[in-house]
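Trainee: Got a sequence here, can you model it:
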Amino acid sequence: MTIKQLTQKLQEIYKGSPWHGASLSAQLSNIPADHFTRGVGVSQKSIAHLLEHMLAWRQLAIEVLKGNKEYSISLNSTMDWPEPKPVGEPKAHYLSKLEESQAELLALLKSKEGSWLKEQTPNKTYQNEFLLQGIVEHDLYHSGQIGIFNSLLKD
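Mentor: Residues are numbered from 1 along each chain as shown. Down below sits the predicted model:
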């Protein structure tokens, strides 16, 4: 995969017209504001929980793109699944945080040479390409969960 292809995938999933339906941005825009913090099921996880988790892994990719060799996330830790912080308008907050994350991710990715993708991710057993392809897949996976949560929260 090339930098250009990864950039296109990230753009398509976030704000494009992906094959599976609504982009993440469009999907979130259509969710009622009160659904963002309401818990679902036994775990009582919310859309805000899922978004915090997605943002955490996007931040890992951003730190790797910046060359930060010390930044890491342990699976099933508080960094992996941060608790949502109380904010005045959760929907506006998360739409803004995702937009910022997306812009930074794309800008940093576009600044890299293609050979960077084949370099090993610091402190991991995989290459940078695998990490960034994983961000695309991770966003898709949790986008599906967000859709399910939203459906379950409808009156």
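Trainee: What's the local residue count around residue 28?
Mentor: Neighbourhood size, residue 28 [other CB atoms under 10 Å]: 20. The way it works is simple: take the backbone N, C-alpha and C, and place the C-beta from them, glycine included.
Trainee: Could you do residue 113 as well?
Mentor: Counted with other CB under 10 Å, residue 113 comes out at 8.
Trainee: Find the residue closest to it in space, skipping its chain neighbours.
Mentor: Closest residue in space to residue 113, ignoring its immediate chain neighbours: residue 3 at 7.8 Å, by CB to CB, 6 or more residues apart in numbering.
Trainee: How much space separates the residue lying closest to residue 110 once chain neighbours are set aside from residue 14?
Mentor: Leaving aside its sequence neighbours, residue 110 sits nearest to residue 7 (CB to CB, 6+ apart; 6.3 Å). Distance, residue 7 to residue 14, by CB to CB, to the nearest Å: 11 Å.
Trainee: Those two - which one has more neighbours?
Mentor: residue 14 (21 against 15).
Trainee: one step back: wait, the residue nearest to residue 113 touches residue 115, no?
Mentor: No: at 9.8 Å, residue 3 does not count as touching residue 115 under the criterion of CB atoms under 8 Å.
Trainee: Among those two, which residue is more densely surrounded?
Mentor: Neighbours per residue, other CB under 10 Å: of residue 3 and residue 115, the larger number sits with residue 3, 18 against 9.
Trainee: And the more buried one, how close does it get to residue 39?
Mentor: Residue 3 is 39 Å from residue 39, by CB to CB.
Trainee: just residue 119 next, same as before
Mentor: 40 Å.
Trainee: OK, contacts around the residue nearest the centre of the chain?
Mentor: Per CA atoms, centre = their mean, the C-alpha nearest to the average position across the chain is that of residue 54, at 3.6 Å. If a contact means CB atoms under 8 Å, 6 or more residues apart in numbering, then residue 54 has 98, 138-139, 142 as its contacts.
Trainee: Right, I'll leave it there.
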